[in-house]
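Undergrad: A predicted structure for the sequence below; I have some questions about it.
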Amino acid sequence: MTDLFLFIAASIGMTHIFVESYLFQKPRDFVSGIKQLSWLGYMWNCYQCSGMWLSILCGYLIDPCPDMACLPVRLFLYGCAGSYLATVAASLNNYLDVVSSVRQ
């Protein structure tokens with residue numbers, strides 16, 4: 001159960017750091033400025049895209065599959081789950097920002 005909570009928190013947290021943080025602002029701007037890498041620039045600014053790839057990494061690090069036959073399927077499922085989690089967390093975060101600014 002601890003691994004599940006760790007996966008959820010790590011996936012959401014890594015995605016938010018990757019997409020919104022000041023730490024990755026310069027690499028995001030650099031990649032977005034290169035026309036041939038426009039797809040990568042889009043991925044760096046997309047919660048769903050970044051959430052998938054970062055959740056695959058989180059899933060691999062948190063729950064390495066001892067059976068190599070099941071590894072691609074599990075990593076794909078981790079990526080899908082993390083993509084959804086990151087998108088929902090970003091939507092909830094945006095909603096809370098709007099609600100808090102209206103009440104002030």
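TA: Received, thanks.
Undergrad: quick one, what contacts Leu57?
TA: Counting by Cβ atoms under 8 Å, 6 or more residues apart in numbering, Leu57 touches Met14. Where C-beta positions appear, they are placed from N, C-alpha and C, glycine not excepted.
Undergrad: try the one 5 residues further on
TA: When the contact criterion is Cβ under 8 Å, 6+ apart, the partners of Ile62 are Asp3, Leu6, Phe7, Ala10.
Undergrad: Equivalent analysis for Phe30, please.
TA: Applying Cβ under 8 Å, 6+ apart to Phe30 gives no contacts.
Undergrad: Sort out which residues of stretch 10-26 are buried, please.
TA: By neighbour count on 16 or more other Cβ atoms under 10 Å, the buried set for stretch 10-26 is Ala10, Ser11, Ile12, Met14, Thr15, His16, Phe18, Val19.
Undergrad: Against Val98, how distant is Ile56?
TA: Applying Cβ to Cβ, to the nearest Å, the value for Ile56 to Val98 is 31 Å.
Undergrad: who has more neighbours, those two?
TA: Taking Ile56 and Val98 together and counting by other Cβ atoms under 10 Å, Ile56 has the greater number of neighbours (20 against 10).
Undergrad: I'd like the next helix or strand past the strand or helix carrying the more buried one.
TA: Secondary structure assignment for Ile56, by DSSP states H and E: helix 47-62. Downstream of helix 47-62, the next assigned helix or strand under DSSP H and E is helix 71-103.
Undergrad: Can you spell out which helices and strands pack onto that next one?
TA: helix 2-20, helix 47-62 (3 or more Cβ pairs under 8 Å, 6 or more residues apart in numbering; DSSP states H and E).
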